[in-house]
Structure formats: C-alpha cells, structure tokens
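Asks: Sequence plus predicted model, see below.
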Number of protein chains: 2
Amino acid sequence: MTEMHDVTENAANDRDVTDLVLEDILTGVLPAGTWLKQIDLEKRYDCTRPEVRRALDRLSQKRLVEHVPNRGYHVYQPDGRRAQEVSDIRVILETAVADLMVERATPESIAKLRQLASHFDRMTMEGTVLEHYEANLAFHRELLLLSGNNELVDLVSEIRQRTSSAPVSQWRTRARVERSAREHHMMVDALEARDVADLKHLIEAHIRQTGDAAPTESAARQA
Amino acid sequence: MTEMHDVTENAANDRDVTDLVLEDILTGVLPAGTWLKQIDLEKRYDCTRPEVRRALDRLSQKRLVEHVPNRGYHVYQPDGRRAQEVSDIRVILETAVADLMVERATPESIAKLRQLASHFDRMTMEGTVLEHYEANLAFHRELLLLSGNNELVDLVSEIRQRTSSAPVSQWRTRARVERSAREHHMMVDALEARDVADLKHLIEAHIRQTGDAAPTESAARQA
DNA sequence: GTATCCTAAATTGGCGCCAATTTTGGTAAC
DNA sequence: GTTACCAAAATTGGCGCCAATTTAGGATAC
C-alpha cells in the first residue's frame, strides 16, 4: 500500500468528507494510485468509518477512485484516452452554447467575468493550488451560466473532475498557465464584441490547451 | 407517506439494489413523489438496511431521489425545465458526433443497428415496459458507440436517467412510439446513405419528439 | 539468496443495536 | 367539528462490534 501522510485536521462540518477527499485527490495530496485505507481516512479527516465509506462509495461512483473488494479503494490512474474524450465532450458542449452566451451577456455579467479573470490572475501569482483551481472553475462556471442551461453547467462541472482537468495535471508549464489567464480575458473580449466565432475558437483552444489562440484570434478579426 | 406495494421478490445477486430501485422508478412502479422507506425497501428487495442505504445514497447523488434528513428519501417530481435542458444537451452531443458515426459506420454495424431497430419494433408490440425501454437504450447505445467516444456514450446513458426520458413518461401516445420506431429505421437509412445532415435532423427530432421527421427527411433528400 | 509456508496483525465488510427524530393515533379542550 | 397536546409506534441515523479477508513478517527449506 502506498503510504499516506497523516494530517491531523478537523473535518469542517460544512463540507463533508467526500469533498475533502476529492480536494486532496484533485490537488495531488492523494496522488493517482494511492490506496485509501478507511482507517487512515478516519484519522486524516477526523470522522467515522461510515462517513468514510459513504465518501469512498460516492467517489467510486464518479470513477475517481476504484473499489477493489476486500482490498479497499485506490485513486484511479490518469487515463489519456478518457481525458481526451472528456475534452472532446467539453468542446462540443461549450462551443455549442457560445451563441447563447453572447446573446445573453449583459454589461453586468461581462464585468463579473472580467473580475473573475483578474481574480484568476491574482491566484496564479499568490494563491494555493486549490485557490487557483477554484478561481478557474469560478470563471468557467460564470461563463457557462450565460448559456441559461443549468443542467449543462452542472454537467460540465461534474465531468471536469473525472480526468486530468484536475489541478495536479492540468497545467504542465508556467507558460500554459499564463496563456490560460490571457485566454480568459480574450474570451471576455469576444463576449463584449459579440464575436461568436472568436469565442468558440478561444473556448476550444482553451480546453485543448493548444497554443494557437493568438493567431486564431487575429484571423477571426480579419474575417 | 405514499403507500408502496409490497412485492415479495428476491434480490437478484447479479444486479444490486440500486439497479432494482432504479428500474422500479423508471418503470413507474415507484412513482414520482413516492416516499421510499428503508424498512419497506428491505422487504421489497429482500436485502439489508446498509444495502438499501447505499442504493438510496447513490440514487440521491444522481438526483433521482431526494434525501430529506430524518424523514427519508422520496422520488423526485418531474421537472419540465430540467427535462428540456437535458434534451438540449443530448441534442448538442448526439448531433455533434453524427459525422463521426457516419464516417465510422460499417456494414456490420449498420446491420446490427437494423436488428436493434427491429427488436425495438417487436418490443413495442410484445414486450414489457422495461423490455421496451431497454430495447430503445440498446439501439441508441449502439448508434452512439459509432462516435468512438466511450465517455460520451456513458454520459448520455447517465443523463437520460435524470428526467422524463424514463419510460413512464417518454412516450405519451401510441403514435409517438410508432414514430420513434420509424425514426430508428430512418436513422439507419441515413447512416447507410452517409447523409450526415439527415442523420442530425433525425436525431434532433427524435430526442425532442417533434412530429416533423418525415418532412425534414424529404427536404434533405431533395438537397 | 530465493521461495514457500504459516501465523499474527491489519483491514474491510456488514450486521445488530439503540439513540434521535418523526409520524400516528387517541384524548381533551374549545 | 377543529385544534392542540401527548404518548406510543415507526423510522432514520449512526455507532460498535466482529467475522471474513488480506497483508506483513518471520521461520524454514532449498
């Protein structure tokens, strides 16, 4: 069994154990492959066995951890194919509602998105891994809310957790992080300009983390 | 508490209680609003309380049932807005991969889909509600598998369960069922003809259950 | 040194039990 | 007849306990 650091930490009663374990998985504290012993989690999160079990069952239903009968649960290894497929799904969904976002954007929502993009910038400089990750989620959630489809917003949130969009693996270089930050602002620009095509390209490049955001933008502006 | 019929029925050990409860919800045996008492479910499915609890927790995570602390769980009421949003998502996803389906369709897969469409026809005539429902799922799953994106296949399966695509509410009239059956065959025709646009229209009409499948088809054929 | 076996320790899985909470039904008051 | 109250019954929620299973470590044989 992979060893797991013992962190004495009271369970915050406003967030349940599922969230706490999930956070530790997403931030890399509990890396892929880690065996999650129930008795260790009890101590780590200062909770009872039934709570641990419920959390683990929920996470296994989300396929973030795998249950091996009589042996326990371990964190899934990253699966490149799954990650690719999830990205493809996200591209499909998020670009499909770009027109709705543009149509429904108000000065207030644009200002809010600007603020969230700036908040992401600040977290890039000063925040913890988790704060940074959450700043990214906040930006994207606010953007997707413009679609008016709450199920889609929730669904994208859910599927993001399934794979390498998690913070430990999402941004492999500092340059990529900085590009993501710029792309946030550019998305807001496209919204403001009501440029659906540009927004779609930006969203796709952003999700796929390709490096062609800047040229596509200038090409779209010439068109 | 809404009363619940007591069916003496052994839990089939190859399907867990979650599946059994889900089936009864989807087939209308446990209608929207029904309170699911743990002690009744124990008897109904011939299983233990922890198994019941796990099943209910899982179903609540999927938002099929709602947990009310200290009172229990009840089956969610249908929500028209959610249903609409889920349909919109399905249209986005399933039409987005129509080109992939057409590209990847082989004579074998087309024959398989034909067979599944015919199976659906037969279940319409002779099958139980559940058999009918499962025949529909089988057809659509096979079609979506042509996309090559397994995550998308699984995701669509998941989200279908969330709302009124469930069998108790999916087909409101006999005419609608029959139209759905015809549409299955027409989708296979479009696949065979490698007509992406037609396939997209059919998929959309099918998901939204609009009545315009036939005119759109003839329009697409003239183009 | 490696492989095998055995036993003790560790861990998981699941059940029973009971405290806490809600529901139900009966009674009394108006 | 309606409302309020109370006690008993029903139900949920969660904990402790222990059987079942796995792991780890030591001893033995080769």
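Replies: Right, received. Where do you want to start?
Asks: Name the residues of stretch A:81-95 that are buried.
Replies: Under the neighbour-count criterion of 16 or more other Cβ atoms under 10 Å in any protein chain shown, stretch A:81-95 has A:82-83, A:85-95 buried. Yep, even glycine has a C-beta here, placed from its N, CA and C like the rest.
Asks: quick one: which of those is nearest to residue A:120?
Replies: Nearest to residue A:120 among the buried residues of stretch A:81-95 is residue A:94, at 17.0 Å by Cβ to Cβ.
Asks: Now for the closest residue to the closest one other than its chain neighbours, how many residues are close by?
Replies: Distances taken as Cβ to Cβ, 6 or more residues apart in numbering or on different chains place residue A:203 nearest to residue A:94, at 4.9 Å, with adjacent residues excluded. If you count neighbours by other Cβ atoms under 10 Å in any protein chain shown, residue A:203 ends up with 25.
Asks: who's in contact with residue A:203?
Replies: A:91, A:94, A:95, A:98, A:187 (Cβ atoms under 8 Å, 6 or more residues apart in numbering or on different chains).
Asks: hang on, the third one in a helix?
Replies: In other words, residue A:95. Yes: under DSSP: H, G, I helix; E, B strand; the rest coil, residue A:95 falls within a helix.
Asks: Could you pull out the buried residues of stretch A:177-189?
Replies: Buried-residue list, stretch A:177-189, by 16+ other Cβ under 10 Å: A:177, A:179, A:180, A:181, A:182, A:183, A:184, A:185, A:186, A:187, A:188, A:189.
Asks: Just want to check the distance between the fourth one and chain B.
Replies: When you say that, I think you mean residue A:181. 28 Å (Cβ to the nearest Cβ, to the nearest Å).
Asks: Report the secondary structure state of that residue.
Replies: Relying on three-state DSSP, one would call residue A:181 helix.
Asks: ok, for it, nearest residue in space, not its chain neighbours?
Replies: Residue A:181's closest residue in space is residue A:121 (Cβ to Cβ, 6+ apart), at 5.2 Å.
Asks: looking at it, residue A:206 is touching residue A:183, isn't it?
Replies: Yes: the criterion here is Cβ atoms under 8 Å, and residue A:206 meets it with residue A:183 at 4.7 Å.
Asks: just to revisit the earlier point, so which strand or helix has the residue nearest to residue A:94?
Replies: helix A:196-208 (DSSP states H and E).
Asks: average pLDDT for that helix?
Replies: The pLDDT scores in helix A:196-208 average 95.
Asks: Can you mark which positions in it are buried?
Replies: Quick answer for helix A:196-208 (16+ other Cβ under 10 Å): A:196, A:197, A:198, A:199, A:200, A:201, A:202, A:203, A:204, A:205, A:206, A:207.
Asks: and what of stretch A:108-118?
Replies: A:109, A:112, A:113, A:114, A:116, A:117, A:118.
Asks: Please produce TSV containing these, extended by secondary structure.
Replies: Shown next, in TSV, are the buried residues of stretch A:108-118 (three-state DSSP):
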residue	secondary structure
A:109	helix
A:112	helix
A:113	helix
A:114	helix
A:116	helix
A:117	helix
A:118	helix
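Asks: and which of those residues is nearest to chain B?
Replies: Closest to chain B out of these is residue A:109 (19.2 Å), distances taken as Cβ to the nearest Cβ.
Asks: So that closest one sits against residue A:146, correct?
Replies: Yes: Residue A:109 is in contact with residue A:146 according to Cβ under 8 Å; the separation is 6.2 Å.
Asks: Would you mind naming what in chain A lies close to DNA strand C?
Replies: Applying Cβ under 7 Å from any atom of the strand, we find that chain A lies next to DNA strand C at A:36-40, A:49, A:53, A:67-72.
Asks: ok, which stretches of chain A are strands?
Replies: For chain A, strands defined by DSSP state E occupy the ranges A:35-36, A:65-68, A:72-75.
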